[in-house]
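[1] Turn this into a model:
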Amino acid sequence: MPNNSTKILFLITLISGMLISLCANSWMGAWMGLEINLLSFIPLLSSNQDMFSTEASLKYFLIQAIASSSLLFLILLKTNTHEMFYFTKTSLWNNLIMTPLLMKIACAPFHWWLPSVVEGLSWMNCFIILSIQKIAPLMLISYMLSNNFYTQIMIISSAIIGAIGGLNQISLRKILSFSSINHIGWMLITMMMGSNLWWMYFLVYSINIILITSLTSMTNLSYISQTFNSLNNKKIVKFTLFIALLSLGGLPPFLGFFPKWVAIQFMAQNTMIFTSMILIMSSLLTLYYYMRIMYTTLMITNSEIAWTISIYPKYNYSKTIMFSLSIMTLGMLVSTLILSMY
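    So this is what the prediction gives:
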């Protein structure tokens, strides 16, 4: 939780803007909520002490302002040319109005801004931009999404770019941002099934992001090389971090696989063979670069000194670690049990 009263105020208005968008009964109300959300987030990003965060906040503001102005223009154009609430599932207008919203959540091919913005942020702001900031645009997209060629292109490009883009990265923040782009493809495919599944997918994704960002923030990790010889005196923290990463990638015993399993079953029933193949292969690529980090850290370049000094005295890991491990390992079992009951 931020220790500054101003930051707490902006955090409250950020969540209020998101709720305004979710509860709006008109597109102008939804746009207003998005603007309140954006203007509350910019002061949280910028910092006088860190030049990188100021640069990231400027980039984020420019991209979001372009997307918001495009959305407002398209809404007004739709109002002046057609009846406002006349949205059909096959209309060109749906694809047009979805485009600035897809830019807001960094869906490929509108993804180029996310890795460079995330690289300059603190872990707390990384969590906000990768999860909370996506809720309102995703909900607005779900009102208009239909299974057409444009949507399939967005899903496939997000899956491929999110998987390939993370292969060459050494920064944990950039790896998480490309993973987020990959997960956008999965969220869009789950939206076609209905609101319940994409909310479940987003909830599981957010739990994984919370665990990863909290552990990396506590241990002050930013790059892959820092994980090699760090936390040797706290191996349970290291194992928990990698379990959370593997769950984010969708490895079967862990919680992150459950919504992907349901999505794959849906795609198989609706004969989306090509799309499901692309999504599964892209998930395997994301798992590859998570497991590459894990194998290197735990086996290949791992070295320990003869005596260990406790260099993280101010954090009590026990509650966080036990909660994380129970969520990751038991979550899949509980989810499967609930599914079998229905």
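
[2] average model confidence for stretch 111-119?
    On average, the pLDDT along stretch 111-119 is 93.

[3] Ignore what I typed, I meant stretch 17-30.
    In this model, stretch 17-30 has an average pLDDT of 94.

[4] and that stretch, how far from the chain's centre?
    21 Å (CA atoms, centre = their mean, to the nearest Å).

[5] now the end-to-end length of it.
    Start to finish, the residues bounding stretch 17-30 are 9 Å apart (CA to CA, to the nearest Å).

[6] Please enumerate residues in contact with that stretch?
    Identification of contacts with stretch 17-30 by CB atoms under 8 Å, 6 or more residues apart in numbering yields 32-40, 75, 84, 97, 132, 135-136, 139-140. For every residue, glycine as well, the C-beta is placed using N, CA and C.

[7] what about 6 Å?
    33, 34, 36, 37, 40, 75, 135, 136, 139, 140 (CB atoms under 6 Å, 6 or more residues apart in numbering).

[8] and if you look at stretch 147-156?
    With CB under 6 Å, 6+ apart as the criterion, stretch 147-156 contacts 95, 107, 185, 188, 189, 192, 278.

[9] Who are the contact partners of the second one?
    In this structure, residue 107 makes contact with 154, 158, 184, judged by CB under 6 Å, 6+ apart.

[10] If you rank those by neighbours, which is first?
    In terms of neighbours by other CB atoms under 10 Å, the contacts of residue 107 top out with residue 158 at 31 neighbours.

[11] Can you tell me the closest non-neighbouring residue to that one?
    With sequence-adjacent residues excluded and distances taken as CB to CB, 6 or more residues apart in numbering, residue 158 is closest to residue 185, at 3.7 Å.

[12] Does the one you found lie in a helix or a strand, and which?
    In this assignment (DSSP states H and E), residue 185 forms part of helix 172-191.

[13] contacts for the next helix or strand after that helix?
    For helix 172-191, the following helix or strand on the C-terminal side (DSSP H and E) is helix 195-219. Applying CB under 6 Å, 6+ apart, the external contacts of helix 195-219 come out as 123, 126-127, 130-131, 183, 187, 190-191, 241, 244, 247-248, 255-256, 259, 315, 324.

[14] Show only the entries of the residues you listed found in helices.
    Members of the contacts of helix 195-219 lying in helices (criterion: DSSP state H): 123, 126-127, 183, 187, 190-191, 241, 244, 247-248, 259, 324.

[15] Show me the two of the residues you listed that sit farthest apart.
    191 and 241 (30.0 Å; CB to CB).

[16] ok so, going back, now the helix holding residue 185 against helix 195-219, angle please.
    Interaxial angle of helix 172-191 relative to helix 195-219 (axes from the mean of the first three to the mean of the last three CA atoms, to 10 degrees): 170 degrees.

[17] From the contact counts, what lies against helix 172-191?
    For helix 172-191, the packing partners by 3 or more CB pairs under 6 Å, 6 or more residues apart in numbering; DSSP states H and E come out as helix 113-119, helix 149-165, helix 195-219, helix 273-295.

[18] Any chance you could list what contacts it?
    By CB under 6 Å, 6+ apart, the surrounding residues in contact with helix 172-191 are 106-108, 111, 114-115, 118-119, 126, 130, 142, 145, 155, 158-159, 162-163, 165-166, 169, 197-198, 201, 205, 263, 282, 286.

[19] Ranking helices and strands of this protein by mean pLDDT, which lands last?
    Of all helical and strand segments in the chain, the minimum by mean pLDDT, DSSP states H and E falls on helix 318-341, at a mean of 67.

[20] Low-confidence regions, the chain specifically.
    1-3, 83-90, 301-323, 325-330, 332-342 (pLDDT under 70).

[21] Tell me the buried residues in the longest helix along it?
    Longest helix in the chain, counting residues (DSSP H): helix 51-81. Neighbour-count burial for helix 51-81, counted by 16 or more other CB atoms under 10 Å, picks out 53, 55-57, 59-61, 63-64, 67-68, 70-72, 74-75, 78.

[22] cool, stretch 152-167 as well?
    Residues 152, 154-163, 165-166 are the ones in stretch 152-167 that count as buried (16+ other CB under 10 Å).

[23] Same question for stretch 169-184.
    169, 172-184.

[24] so how far is that stretch from its chain's centroid?
    Here stretch 169-184 shows a centroid-to-chain-centroid distance of 9 Å under the convention CA atoms, centre = their mean.

[25] Quick check: residue 105 vs residue 134, distance?
    With the distance defined as CB to CB, to the nearest Å, residue 105 ends up 5 Å from residue 134.

[26] Repeat that for residue 161.
    Counting by CB to CB, the gap from residue 161 to residue 134 is 17 Å.

[27] What of residue 331?
    Distance, residue 331 to residue 134, using CB to CB: 21 Å.
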